[in-house]
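Asker: I would like to see how this sequence folds:
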Amino acid sequence: MPKRIILFVALISLAASGPAAYWLGSSLNPRKPEPVFQVVEGLAIDAVLLELGDVWEESDYSRDLPLQNQTDHDIEISGFSLSCGCSSITPEKVTVPAGTASSVRLHIDLTKRQPSEIGMPVRPLTVQFAPIIAPGWPKGPGWKMSGVIRSRATLETMTVHFGERVVEGEEGPTRKVVAHLCEPGLRLETAVEGPKVVRIDVRSTGSRDERTEVLITPLSSLPLGRFETKAVFSVISATGDRLPGPTLLIEGVVQPAIRPLPSQLVLGSHAVGQTASATLVLQGSTTIPITVQQIELESPDVRVEPTMGDGTHPGRTFRVTQKITKEGDQTSTARFVLHKPGQPPITVSVAITYRGNPPTESPKNGKPMP
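Answerer: Below you'll find the predicted structure:
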């Protein structure tokens with residue numbers, strides 16, 4: 001064997017048994033990096049746990065967070081300050097012994113959105129939270145958790161409000177909300193979480209942009225007053241898996257079948273001896289036959305007579321005339337007793353108010369003006 005080859009082999013053997021061998025082995029088996037902690041008030045959280053990455057939208061996302069006490073004394077936490085109403089921490093109170101760790105769980109409702117985020121299939125998330133160390137408030141912003149929320153379905157609105165358009169005993173008007181699915185092959189289902197006050201129909205439009213129409217109709221059985229419920233959506237995958245979707249708030253007010261418009265007659269200020277008048281309409285569904293049986297008046301100074309109004313149903317428009325007989329603020333009530341077939345009489349009350357001023361004298365004869 002030539003001398004050059006023998007020398008080369010010897011050098012390779014020496015390298016394999018020296019520092020070069022250590023370098024070669026360490027590059028093949030690199031050491032794990034030391035964890036980086038974010039420390040607040042002597043409590044440390046691994047920074048890796050504060051990065052959410054990409055997460056799918058759901059109403060109760062949670063993550064366990066060990067709090068490591070890096071001090072030589074116990075730390076008592078009386079609560080947590082959070083930057084978002086969509087989040088909470090359990091337990092709320094915890095004591096972390098010196099030199100050890102105690103875990104808490106951060107809960108986040110990922111379905112909550114800012115107004116500017118409505119309809120966005122991808123949006124950023126940032127939640128800051130800080131421990132409240134008895135007996136004071138946090139001294140800084142605390143830890144920050146960040147990530148990206150992805151939605152399988154989005155709604156073009158987060159709230160449907162029917163206002164006062166729902167009438168007692170009648171099926172309410174139908175409102176349409178458009179939903180967008182993130183990919184083909186998905187479909188949307190919904191369930192009402194809370195009182196069953198509406199009917200919800202979900203219809204796929206078959207469009208290329210995966211649009212789905214959600215039709216919401218208040219039930220005719222709703223009682224008078226305010227109603228509120230939530231529609232919780234699920235996204236059904238092509239394999240039949242049920243996945244979390246968005247939530248829609250639904251609310252409104254059920255009005256009586258017959259209601260006065262305006263609800264109170266405010267006639268303003270007038271001199272004693274004068275008269276004031278206004279038009280009153282008994283508003284409601286024209287499909288229900290209702291007649292006025294009688295009108296009860298508290299004050300003899302009030303006169304109510306039927307009249308005709310533009311676009312109003314015959315027999316439901318009245319001219320109310322008030323004779324101004326007293327000074328100061330005055331109020332009386334007019335009661336309309338209504339008959340509805342098959343039901344007991346309905347009474348609709350209207351308050352009539354005015355302010356009486358001293359009589360106005362004529363500059364010519366010194367007598368009150370008519």
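Asker: list the helices and strands the helix or strand containing residue 266 packs on?
Answerer: Using DSSP states H and E, residue 266 maps to strand 264-271. Applying 3 or more Cβ pairs under 8 Å, 6 or more residues apart in numbering; DSSP states H and E, one finds that strand 264-271 makes contact with strand 275-284, strand 346-357. For glycine as for every other residue, the C-beta is placed from the backbone atoms N, C-alpha and C.
Asker: which of those strands sits closest to residue 63?
Answerer: Nearest to residue 63 among the helices and strands packed on strand 264-271 is strand 275-284; the distance by Cβ to Cβ comes to 53.6 Å.
Asker: got the buried residues for the very next helix or strand once past the closest one?
Answerer: Next helix or strand after strand 275-284 toward the C-terminus (DSSP H and E): strand 291-297. Within strand 291-297, the residues scored as buried using 16 or more other Cβ atoms under 10 Å are 292, 295.
Asker: also stretch 314-329?
Answerer: Of the residues in stretch 314-329, 316, 317, 318, 320, 322, 323, 324 count as buried by neighbour count, 16+ other Cβ under 10 Å.
Asker: list the contacts of the second one.
Answerer: Applying Cβ atoms under 8 Å, 6 or more residues apart in numbering to residue 317 gives the contacts 279, 280, 281, 282, 306, 307, 308, 309.
Asker: and what of the third one?
Answerer: Taking Cβ under 8 Å, 6+ apart as the definition of contact, the neighbours of residue 318 are 279, 280, 281, 282, 304, 305, 306, 307.
Asker: of those residues, grab the buried ones for ChimeraX.
Answerer: Buried residues within the contacts of residue 318, by 16+ other Cβ under 10 Å, are selected in ChimeraX with:
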select :280,281,282,304
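Asker: now the contacts of residue 318 in TSV, with pLDDT?
Answerer: Converted to TSV, these look like this (pLDDT from 0 to 100):
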residue	pLDDT
279	93
280	93
281	90
282	88
304	96
305	94
306	91
307	90
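Asker: ok, so of the contacts of residue 318, who is nearest residue 341?
Answerer: residue 282 (16.4 Å).
Asker: now that closest one. Nearest residue, chain neighbours left out?
Answerer: In this structure, residue 282 finds its nearest non-sequential neighbour in residue 316, 4.2 Å apart by Cβ to Cβ, 6 or more residues apart in numbering.
Asker: correct me, but that neighbour touches residue 281?
Answerer: Yes: between residue 316 and residue 281 there is a contact under Cβ atoms under 8 Å: 6.0 Å.
Asker: extract the C-alpha trace of stretch 344-364 and format it as CSV.
Answerer: The C-alpha coordinates for stretch 344-364 follow below in CSV (Å, rounded to 0.1, in the frame of the first residue of the first chain):
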residue,chain,number,x,y,z
PRO,A,344,-112.8,37.5,26.2
PRO,A,345,-112.9,41.3,25.6
ILE,A,346,-109.6,43.1,25.2
THR,A,347,-109.0,46.5,26.8
VAL,A,348,-106.5,48.9,25.3
SER,A,349,-105.6,51.9,27.4
VAL,A,350,-104.2,55.2,26.2
ALA,A,351,-103.0,58.1,28.5
ILE,A,352,-103.9,61.6,27.3
THR,A,353,-101.7,64.4,28.7
TYR,A,354,-101.5,68.2,28.4
ARG,A,355,-100.3,71.3,30.2
GLY,A,356,-102.8,74.0,30.8
ASN,A,357,-101.6,77.6,30.7
PRO,A,358,-103.4,80.7,32.1
PRO,A,359,-106.1,82.0,29.8
THR,A,360,-104.9,84.3,27.0
GLU,A,361,-106.6,87.8,27.1
SER,A,362,-107.5,89.7,24.0
PRO,A,363,-105.8,93.1,23.9
LYS,A,364,-109.0,94.7,22.6
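Asker: for that stretch, buried residues please.
Answerer: Neighbour counts over stretch 344-364 (16+ other Cβ under 10 Å) mark 348, 350, 352, 354, 356 as buried.
Asker: chain center to it, what's the gap?
Answerer: Distance of stretch 344-364 from its chain centroid, counting by Cα atoms, centre = their mean, to the nearest Å, is 43 Å.
Asker: ok, the residue nearest to residue 58 when sequence neighbours are not counted - how many residues close by?
Answerer: Counting by Cβ to Cβ, 6+ apart, residue 244 is the residue found nearest to residue 58 once chain neighbours are left out, at 3.9 Å. Counted with other Cβ atoms under 10 Å, residues neighbouring residue 244 total 20.
Asker: what's the spacing between residue 244 and residue 224?
Answerer: Noted for residue 244: a distance of 35 Å to residue 224, by Cβ to Cβ, to the nearest Å.
Asker: likewise for residue 152?
Answerer: Residue 152 is 38 Å from residue 224, where distance means Cβ to Cβ.
Asker: of those two, which one has the most company?
Answerer: In terms of neighbours (other Cβ under 10 Å), residue 152 is the more surrounded of residue 152 and residue 224; the figures are 22 against 14.
Asker: how about that one: what's its closest non-neighbour residue?
Answerer: Of all residues not flanking residue 152 in the chain, residue 235 sits nearest, at 4.2 Å (Cβ to Cβ, 6+ apart).
Asker: quick one: contacts of the helix or strand hosting residue 180?
Answerer: Here residue 180, judged by DSSP H and E, is contained in strand 175-181. Applying Cβ under 8 Å, 6+ apart, the contact partners of strand 175-181 are 119, 121, 152-157, 160, 162, 187-188, 209-217, 233, 235, 246, 248.
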